[in-house]
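A.B. asks: structural data only, the sequence is not supplied:
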């Protein structure tokens, strides 16, 4: 079996879409107080999962498109582009609405199921990618968390994987 050319893996939150307002609004509704992104990430997992599920369903319309990344992806004709997000499957349809609204074409959207929600997001992503990267000559990863990039890059067996750190300020190659 010959390898396909290029796989582009894109995280959703904080990468393709900036969703901080969604999570802040959900946290305020659930916890009755304003929390920063870091405070939300440090919540106990069951509470954090509730915040994220509410954020990405009820408040999804507050997501802001990363126009720079959309432009990059629109030029990758012939590459397989997938969304790999640590979100639970409950928000899958809401992500597809945003992708359709902004005419972003992808080959698939992959979320965690209930059992996989117990894994740290970087480990879940590494395991998922470990099953498919061998089919491609090159892999490009766009991610907003350096911890995720480090874990995935260090623990994936692939000769050509390029990693980009994404923030509202820009997109920077880091590996």
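C.D. replies: Good, I have the coordinates. Fair warning: this is a prediction, and the values are worked out from it, not measured in the lab. Numbers count the residues shown, from 1 in each chain.
A.B. asks: contact partners for the residue most central in space within the chain?
C.D. replies: Closest residue to the average C-alpha location of the chain: residue 11 at 2.1 Å, with CA atoms, centre = their mean. Shown in contact with residue 11 (CB atoms under 8 Å, 6 or more residues apart in numbering): 83, 84, 85, 86, 142, 143, 144, 145, 148, 166. Where C-beta positions appear, they are placed from N, C-alpha and C, glycine not excepted.
A.B. asks: mind redoing it with 7 Å?
C.D. replies: Contacts for residue 11 (CB atoms under 7 Å, 6 or more residues apart in numbering) come out as 84, 85, 142, 143, 144.
A.B. asks: out of the residues you listed, who's nearest residue 157?
C.D. replies: Nearest to residue 157 among the contacts of residue 11 is residue 84, at 17.5 Å by CB to CB.
A.B. asks: wait, the closest one sits on residue 127?
C.D. replies: No. Look at residue 84 against residue 127 with CB atoms under 7 Å: they stay out of range, at 11.0 Å.
A.B. asks: between those two, who's got more neighbours?
C.D. replies: residue 84 (25 against 14; other CB atoms under 10 Å).
A.B. asks: can you list the low-confidence ranges for this protein?
C.D. replies: By pLDDT under 70, the low-scoring segments of the chain are 1-3.
A.B. asks: mind listing the strands for it?
C.D. replies: For the chain, the strands defined by DSSP state E occupy 4-10, 17-18, 64-65, 80-88, 108-112, 136-143, 161-167, 170-173.
A.B. asks: let's have those strands in TSV, adding distance to residue 42.
C.D. replies: Formatted as TSV, the strands of the chain follow (distance: least, CB to CB, whole Å):
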stretch	distance to residue 42
strand 4-10	25
strand 17-18	20
strand 64-65	23
strand 80-88	16
strand 108-112	19
strand 136-143	19
strand 161-167	19
strand 170-173	25
